[in-house]
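S.K.: Using only what follows, build the 3D model:
(one chain, ligands or ions: 2)
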Amino acid sequence: MAAQIFAHKTTALTNPPNYALTSHRLCRTLHTSTKQPIVLVACGSFNPITYHHLRMFEIAKDFIQQNTNFEILGGYLSPVSDEYKKAGLVSAHHRVNMCALATEQESSWLMVDSWEALQTYQRTAAVLDHFDYEINTVLGGVSTRDGERDVQIMLLAGSDLIGTMSEPGVWSHDDLDHVLGHHGTFVIERTGAALDQVVDSLARWRNNIYPIAQQVQNDVSSTKVRLFFRRGLSVQYLLPAAVIDYIEQNNLYPDDGPCTEKDRGKESESGEVDTTSSESGRNVQSTLGTETTRLSN
Ligand SMILES: Nc1ncnc2c1ncn2[C@@H]1O[C@H](COP(=O)(O)OP(=O)(O)OP(=O)(O)O)[C@@H](O)[C@H]1O
Ligand SMILES: NC(=O)c1ccc[n+]([C@@H]2O[C@H](COP(=O)(O)O)[C@@H](O)[C@H]2O)c1
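M.R.: Residues are numbered from 1 along each chain as shown. Ligands and ions are numbered 1, 2, ... in the order given. Have a look, this model is predicted:
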């Protein structure tokens, strides 16, 4: 099937061939008619997905139920396209498969969407608009006892990602206004990116930004998981067993063997691991030798 093009909101959206939104877990009826229906979307590399990516949704769910008038109808992971060209990014096809294994086996309400992954790079504003189009225009929104209603699509992200919104040249003003002003976001605190600072610098959109403090500190990152694979260290309980099996079967993050001083220099050059000092860094004693490797987010 040829790529399908349609105009929507701020941008023209293009569907990859044979694309259809996964919606088997999307709740199509609003339980409480006084609540505002929302769908959560987390954008990122997911290289690979970790338990904390799944946990972010549970943290947001608790916060939403206890503090807001929103009702969650579903949650999606949207892996970034290969064109993002981040160091060490394995192919989108594998990252989508890993997210599908994780969501299907570990969650009762989360899904993965391949629209962003399987095409050219798409800005986050366009990704959220894509969900808006698929859920509200194609599927017709959510049923309520008073008829159909539109669903608000909201970004779920860590405070490091929201922190990049204040860095010059990373996000356009129009995109920020669209993502934060129109869609809105839940921000999960991440070690090393203080919630207050992140939200203060985006004060103009404060009403649509929901910061969520971590009750249990967890600084797991995909970078650390990749490093563990490359060092032949155990990653059990950092990510789902089915994802670990998939990575091993497809040899996605090959074991480098014992690490030498020279290799550690290369890791730093490739951007895979930041060996410079940082507030959030921790010393981890490698079990592959006597070297101490500094890991940071
Ligand atoms: N430990 C964590 N705490 C809070 N947010 C997190 C954490 N890990 C990932 N996230 C968030 O999950 C989303 C997707 O993250 P991403 O796939 O980039 O993972 P990552 O661990 O940051 O990856 P990498 O180490 O490859 O940069 C981002 O919004 C990111 O901020
Ligand atoms: N201008 C934008 O839309 C913009 C800028 C920076 C990052 N992002 C998104 O944030 C996510 C960042 O992922 P990583 O943390 O893995 O780099 C990606 O999904 C990327 O597309 C979007």
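S.K.: quick one, what contacts L77?
M.R.: Going by Cβ atoms under 8 Å, 6 or more residues apart in numbering, L77 touches A42, G44, F46, I49, H53, C99, T103, L110, M111, V112, D113. Glycine gets a C-beta too; all of them are placed from N, C-alpha and C.
S.K.: Also A42?
M.R.: With contact taken as Cβ under 8 Å, 6+ apart, A42 is in contact with H53, M56, F57, G75, Y76, L77, S78, L155, L156, A157.
S.K.: Need the max-distance pair from those.
M.R.: H53 and L155 (14.0 Å; Cβ to Cβ).
S.K.: So which of the contacts of A42 are in helices?
M.R.: Using DSSP state H, H53, M56, F57 are the members of those that sit in helices.
S.K.: Give me the three-state assignment for R204.
M.R.: Applying DSSP: H, G, I helix; E, B strand; the rest coil to R204 yields a three-state assignment of helix.
S.K.: Would you mind stating the distance between it and ligand 1?
M.R.: 21 Å (Cβ to the nearest ligand atom, to the nearest Å).
S.K.: How many neighbouring residues does that residue have?
M.R.: 12 (other Cβ atoms under 10 Å).
S.K.: And Q119, how far from ligand 1?
M.R.: Taking Cβ to the nearest ligand atom, one finds Q119 at 18 Å from ligand 1.
S.K.: For the spatially closest residue to that residue that is not a sequence neighbour, give me its contacts.
M.R.: Closest residue in space to Q119, ignoring its immediate chain neighbours: P16 at 4.6 Å, by Cβ to Cβ, 6 or more residues apart in numbering. Counting by Cβ under 8 Å, 6+ apart, P16 touches A3, S114, W115, L118, Q119.
S.K.: for ligand 2, what are the nearby residues on this structure?
M.R.: With Cβ under 6 Å from any ligand atom as the criterion, the chain comes near ligand 2 at residues 43-45, 80, 84, 86, 123-125, 161, 164, 170-171, 175.
S.K.: Helices - which of the residues you listed land there?
M.R.: Using DSSP H, those in helices are T124, A125, L161, D175.
S.K.: How much space separates the closest residue to T185 other than its chain neighbours from G184?
M.R.: With Cβ to Cβ, 6+ apart as the criterion, T185 has its nearest non-adjacent residue at 4.1 Å, and that residue is L155. To G184, L155 is 7 Å away according to Cβ to Cβ, to the nearest Å.
S.K.: can you check T22 too?
M.R.: 23 Å.
S.K.: Check whether stretch 245-262 comes near ligand 1.
M.R.: No. Figure legend: stretch 245-262 not in contact with ligand 1 (Cβ under 6 Å from any ligand atom); closest approach 11.2 Å.
S.K.: what comes up buried for that stretch?
M.R.: By neighbour count on 16 or more other Cβ atoms under 10 Å, the buried set for stretch 245-262 is Y246, I247, L252, Y253, D256, C259.
S.K.: Could you pull up the contacting residues of V151?
M.R.: P37, I38, V39, L73, D132, I135, N136, G141, V142.
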